[in-house]
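J.: Just a sequence and a predicted model for now, questions to come.
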Amino acid sequence: MNCRANSAVQVGISLAILREQHLLKEGSDMASTRLLPPLFFAIGLAGCPIWSGEYQGGGDTGETPRFCNVDAECFGSEVCGSDNQCHEGSCQNWGCPNGAVCLVDVDGIASCFDNNAGSGATGGTGGSGGAGATGGTGGSGGATPVVYCGNPDDCAFDETCTMDGTCQPGGCDVHACIFGFTCDLKPLIPRCVAENPLACGEDADCSANPGDKCVSGLCTAAADQCFDQTQCPGGSVCADGKCTPSCANGAACSSAFECTAGVELCTTPTTGCSITNDCASADLVCVDAACVPRSVNGQCASGQVWVENGCISDQAGIFVCETDGEQGACAAGSICLHHSCYISCAAPNGTACDGLPTFNQCKPVTTTAGEFPVCGSSQNLGGECDPTVEAFCDNGLICIDGFCE
């Protein structure tokens, strides 16, 4: 009879003895009842060792340790511990094999997660790193590949985007966050979050407020987005509420973008991406699906702005006034519309645009304060759309300076 079968017999005999002890107890003194437990343990020790349910290692138990590399190689509720042996319990008690990390989810369930990308195969024969010891783990398959990042979303949930722009195992309680982010200690695994609550990398990050868009890395209300190319730096137009470099008339785009046919905007990424590591370079960061130059400590070239540790063209409009329909900070004869000053051609100044070199057309502009005639041109103040009042184009067209294209 093997050890496990014999254990069942021992348990039966032990229970019988305990029942007899109970019957004798009423008619015996305390000394007699204390004679029976040694008999119980003697029976238990006669054929097999008495197990606690966990391998205690070594000794004269007669049990050969069961080696493992994963939980699936152990019995029932056993787990594979950091010593590559099977144990009853969880990884909170025994750790994890082969350098994996024990993490507890929101339901309190502990599991091992592998952080050893690039390691050799485990078990008898090692992977590319060489042969492992018999029954043990294989050798290392080489250095762990570098994973580049510009923001926390570029890394796995149990990793931190660190100051050197790489993803490292562990929370931000272990690693300092990359520039522009701070450590939130509330989650189970502390995670980096943006220092500015309005920070964003793409329009989807601003979806909590309808009409808001990500403009130069900040969620911006519709009323504060650009309205017209006159609000943008030279060489840019206002496209869907953002100042965007134009490639009209053969103008060159930056190295990060190519000219988009049909609309003549520098909006087609030279190298597309989903995360920064897709850019395959320490000098590039993925911002809004495009690989752009990496910023160093928040610094970018003139005309560019920092967005999630990348540098992009400034998308914010240049605003000079506040209240629509009023002169405010504007010169005499001009009024403020959408934060910019325009020459008024309202009566009695109906001829105010005549003879002007560029803005020689009197055009009506509608705002939340009403309709106002001002001087414009054939290239701006289109009147077909206006993202600042959520008047958008249909069928996937882009609103460029008030024209749907």
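T.: Good, I have the coordinates. Numbers count the residues shown, from 1 in each chain.
J.: what about the strands in the stretch 151-300 of the chain?
T.: Secondary structure of the stretch 151-300 of the chain (DSSP state E, counting those that start in this stretch): strands at 159-161, 167-169, 181-184, 191-194, 213-215, 218-220, 236-239, 242-245, 257-260, 265-269, 284-287, 290-293.
J.: pLDDT averaged over the third one, what's the number?
T.: The one in question is strand 181-184. Throughout strand 181-184, pLDDT has a mean value of 96.
J.: ok, it: who's next to it in the sheet?
T.: Here strand 181-184 is paired, per DSSP bridges, with strand 191-194 (antiparallel).
J.: Could you give me the buried positions within stretch 392-402?
T.: Residues 393, 397-402 are the ones in stretch 392-402 that count as buried (16 or more other C-beta atoms under 10 Å). The way it works is simple: take the backbone N, C-alpha and C, and place the C-beta from them, glycine included.
J.: thinking again about what came up before, to residue 355, which of the strands of the stretch 151-300 of the chain lies closest?
T.: strand 236-239 (25.3 Å; C-beta to C-beta).
J.: List the residue ranges of the stretch 251-400 of the chain that fall below the pLDDT cut-off.
T.: Applying pLDDT under 70 to the stretch 251-400 of the chain flags no residue at all.
J.: follow-up on the earlier one: residue 100: which of the strands of the stretch 151-300 of the chain is closest?
T.: Of all the strands of the stretch 151-300 of the chain, it is strand 167-169 that lies closest to residue 100, at 10.2 Å by C-beta to C-beta.
J.: Identify all contacting residues around that closest one.
T.: Around strand 167-169, the neighbours that count as contacts under C-beta atoms under 8 Å, 6 or more residues apart in numbering are 101, 115, 147-149, 154-156, 158-162, 175, 277.
J.: now for those residues, which pair is the farthest apart?
T.: Based on C-beta to C-beta, the longest span within those runs between 101 and 148 and measures 21.4 Å.
J.: Give me the more crowded residue out of those two.
T.: Each of residue 101 and residue 148 has its neighbours counted (other C-beta atoms under 10 Å); residue 148 has more, 24 against 17.
J.: was I right about the more buried one contacting residue 277?
T.: Yes - proximity of residue 148 to residue 277 meets the contact threshold set by C-beta atoms under 8 Å, at 5.0 Å.
J.: still on that earlier bit, for ChimeraX, write a command that selects the buried ones of the contacts of strand 167-169.
T.: Selecting the buried subset of the contacts of strand 167-169 in ChimeraX, with 16+ other C-beta under 10 Å as the burial test, is done by:
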select :101,115,147,148,149,154,155,158,159,160,161,162,175,277
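J.: just the contacts of strand 167-169 now: which is nearest residue 226?
T.: The closest of those, once distances to residue 226 are taken by C-beta to C-beta, is residue 154, at 28.9 Å.
J.: Quick check: the closest one vs residue 277, distance?
T.: For residue 154, the distance to residue 277 (C-beta to C-beta, to the nearest Å) stands at 7 Å.
J.: any residues in contact with both of those two?
T.: Common neighbours of residue 154 and residue 277 (C-beta under 8 Å, 6+ apart) are 147-148, 167.
J.: hang on, the earlier thing: nearest to residue 365 among the buried residues of stretch 392-402?
T.: Using C-beta to C-beta, the shortest approach to residue 365 within those belongs to residue 402, at 8.6 Å.
J.: and that closest one, what are its phi and psi?
T.: Backbone torsions for residue 402, taken as degrees, to the nearest 10, come to phi 90, psi 0.
J.: The closest residue to it other than its chain neighbours: neighbouring residues, count only.
T.: Using C-beta to C-beta, 6 or more residues apart in numbering and skipping the chain neighbours, the partner closest in space to residue 402 is residue 382 (2.8 Å). Per other C-beta under 10 Å, the neighbour tally for residue 382 reads 18.
J.: ditto for the one 4 residues further on
T.: Neighbouring residues of residue 386 were enumerated by other C-beta under 10 Å; the total is 22.
J.: mind listing what it touches?
T.: Listed by C-beta under 8 Å, 6+ apart, the contact set of residue 386 reads 227, 366, 399, 402.
J.: Most widely separated two among those?
T.: Top of the distance list for the contacts of residue 386 (C-beta to C-beta): 366 and 399, 14.1 Å.
J.: distance of residue 328 from residue 291?
T.: For residue 328, the distance to residue 291 - C-beta to C-beta - is 42 Å.
J.: These two: which is more packed in?
T.: Set residue 328 next to residue 291 and count neighbours by other C-beta under 10 Å: residue 291 wins out with 23 against 15.
J.: Leaving out sequence neighbours, find the closest residue to the most centrally placed residue in the chain.
T.: Nearest to the mean C-alpha position of the chain, counting by C-alpha atoms, centre = their mean, stands residue 153 at 1.7 Å. Of all residues not flanking residue 153 in the chain, residue 275 sits nearest, at 7.3 Å (C-beta to C-beta, 6+ apart).
J.: ditto for residue 227
T.: residue 338 (3.8 Å).
J.: tell me the contacts of the one you found?
T.: So residue 338 contacts 223, 227-228, 231, 324, 365, 367, 388 (C-beta under 8 Å, 6+ apart).
J.: would you turn these into JSON lines with distance to residue 373 and neighbour count?
T.: Formatted as JSON lines, those follow (distance: C-beta to C-beta, whole Å; neighbours: other C-beta atoms under 10 Å):
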{"residue": "223", "distance to residue 373": "21", "neighbour count": "16"}
{"residue": "227", "distance to residue 373": "16", "neighbour count": "27"}
{"residue": "228", "distance to residue 373": "15", "neighbour count": "23"}
{"residue": "231", "distance to residue 373": "19", "neighbour count": "21"}
{"residue": "324", "distance to residue 373": "13", "neighbour count": "19"}
{"residue": "365", "distance to residue 373": "8", "neighbour count": "22"}
{"residue": "367", "distance to residue 373": "12", "neighbour count": "17"}
{"residue": "388", "distance to residue 373": "18", "neighbour count": "23"}
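J.: partner residues bridging the closest residue to residue 174 other than its chain neighbours?
T.: In space, and not counting its chain neighbours, residue 174 is closest to residue 160: 7.2 Å by C-beta to C-beta, 6+ apart. Residue 160 forms beta bridges with residue 168, as assigned by DSSP bridges.
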